[in-house]
Every structure is written in structure tokens, then in C-alpha cells.
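Undergrad: Have a look; sequence and predicted model below, questions after that.
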Amino acid sequence: LATERGHAAIDRAAAALERGADGAHFVLENAEAFDVAYLHQRIPLASAYVGYTVRSGATNLVQRLADTGAAPQGFLISDPITRHAPDLKKQLRDQCEAVRLSQLWPEFRALGLNAAFYGNRGATVTQQLAFALSTAAAYLSELPSTDVLTVADVAAALHVHVAINPNYFFELAKLRALRRLWATLLHAYGLPAEAAQSLTIFASTATWSQT
């Protein structure tokens with residue numbers, strides 16, 4: 001609830017980490033209301049893998065994470081292109097600044113692609129890959145600028161969230177194909193093959209499979 005500033009969710013995440021969970025993922029409707037100071041008290045941000053999905057306020061969240069003094073691990077997903085943000089230019093500037101602020105955190109990816117958006121709406125494996133790669137190409141084309149970010153900076157910040165369905169072998173093939181196609185995409189932007197090896201993929205069960 002907005003009134004508790006996410007404390008209950010943070011407490012549940014902290015308890016799960018204490019019981020052996022590998023990380024936590026917060027889906028925030030109002031990122032600016034999320035209590036990052038309390039999060040830092042309950043969860044060791046420098047060693048715990050924590051992801052954040054936000055609709056707006058990406059830069060504000062990253063700045064408050066920086067203010068904790070920790071070098072966070074994890075990812076940030078805002079992805080205004082995939083969610084068809086009405087104020088796209090403003091959101092892209094916000095996304096660009098979030099990437100810039102997080103550049104000193106080697107284990108944090110501030111430019112997440114929400115490929116699960118398509119998988120959770122019934123897209124085929126091929127469609128999910130095609131849409132995710134075309135979105136990545138848009139960011140690689142739109143975000144770099146001579147005074148803020150290079151293409152290599154944008155590529156290094158990219159991260160993919162995919163939805164996994166019950167078809168075991170298709171899903172294995174999807175992830176393997178994604179890695180191969182990612183290398184091809186980065187090559188088209190003049191980046192070396194080694195750049196593709198840093199891609200992190202966060203996979204979660206598709207809500208589509210629960211119907």
C-alpha cells in the first residue's frame with residue numbers, strides 16, 4: 001500500500017532472503033513512494049540481488065539507491081517503449097539518466113527489456129524474441145549521445161526479463177536463441193562478440209500459463 005511505502009513487501013523479501021532465496025523483485029506502481037532507506041536497512045544491497053520494475057521515476061529510484069552508498073546488484077525495468085508510454089521522449093531521457101547514474105555498478109543493469117510483457121499476453125516464442133530484439137535495437141539507436149552515453153554503454157546496461165511457459169524444450173531453445181541473436185544484434189551496432197556475453201536474463205513463470 002502507498003501508506004506503508006512498501007515496508008511489508010520489503011519485510012517479506014528480507015525474510016525470503018534469510019530463508020535462502022537468491023534475490024527479490026519489486027514491482028512498483030509508485031517508485032517515488034518506495035522507501036529505499038528502509039530497504040537498505042533490511043536488505044544488504046551490495047550483496048543481495050534485487051530487481052525493480054517501475055512505470056516511472058527510474059532516475060529518482062537509481063539516485064536514491066546511489067544515496068545509500070552501496071553498489072547495488074540486480075536490475076531496473078522501466079521499458080517505456082514496450083509499455084507504450086504516452087510521454088515517450090521524457091521517459092527515454094529519464095531512462096538515459098538512470099543508465100548514466102548506474103554506470104559505476106558493474107553488477108546492476110539499469111536498462112531492462114520487459115519481454116515478459118509479450119509472453120504474458122500469449123505471444124509465441126518467435127514473437128517474443130522478435131519484439132524484444134526490435135525494442136533493444138530502438139534503445140541502441142535512440143539513447144546514445146556523444147556527451148552522455150555511447151552504444152557500448154547502452155549495450156552494457158541492457159537486461160532481459162522473459163516469461164517462461166510449461167513447454168520445457170521450447171523455452172530452453174528460446175533462451176539459447178536469444179543469446180545467439182543478441183550477439184548478432186550487437187555485431188550490427190559494431191560491438192565485439194564479447195559484449196554479448198554480459199547479457200543477464202531474468203526468467204519468471206508466465207501468468208499466461210496460469211489460466
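TA: Happy to help now that I have it.

Undergrad: which residues does the residue nearest the centre of the chain contact?
TA: Centroid-nearest residue in the chain, with C-alpha atoms, centre = their mean: G112, separated by 2.8 Å. Taking C-beta atoms under 8 Å, 6 or more residues apart in numbering as the definition of contact, the neighbours of G112 are G51, T53, F75, L76, I77, S78, D79, L158, H159, V160, H161, F202. Using the backbone N, CA and C atoms, a C-beta is placed for each residue, glycine as well.

Undergrad: Go ahead and confirm A195 touches A157.
TA: No - in terms of C-beta atoms under 8 Å, A195 does not count as a neighbour of A157; the distance is 11.5 Å.

Undergrad: Other residues contacting the top helix by length along the chain?
TA: The helix of greatest length in the chain, counted in residues with DSSP state H as the criterion, is given as helix 168-188. Residues external to helix 168-188 that are found in contact with it (C-beta under 8 Å, 6+ apart): 125, 128-129, 132-133, 136-137, 140, 155, 160, 162, 164-165, 192-193, 195-196, 199, 201, 203.

Undergrad: so where's the chain uncertain?
TA: Filtered on pLDDT under 70, the chain yields the residue ranges 1-3, 146.

Undergrad: residue boundaries of the helices in it?
TA: Assigned by DSSP H, the chain shows helices spanning 7-18, 36-42, 58-67, 88-101, 116-119, 125-142, 151-157, 168-188.
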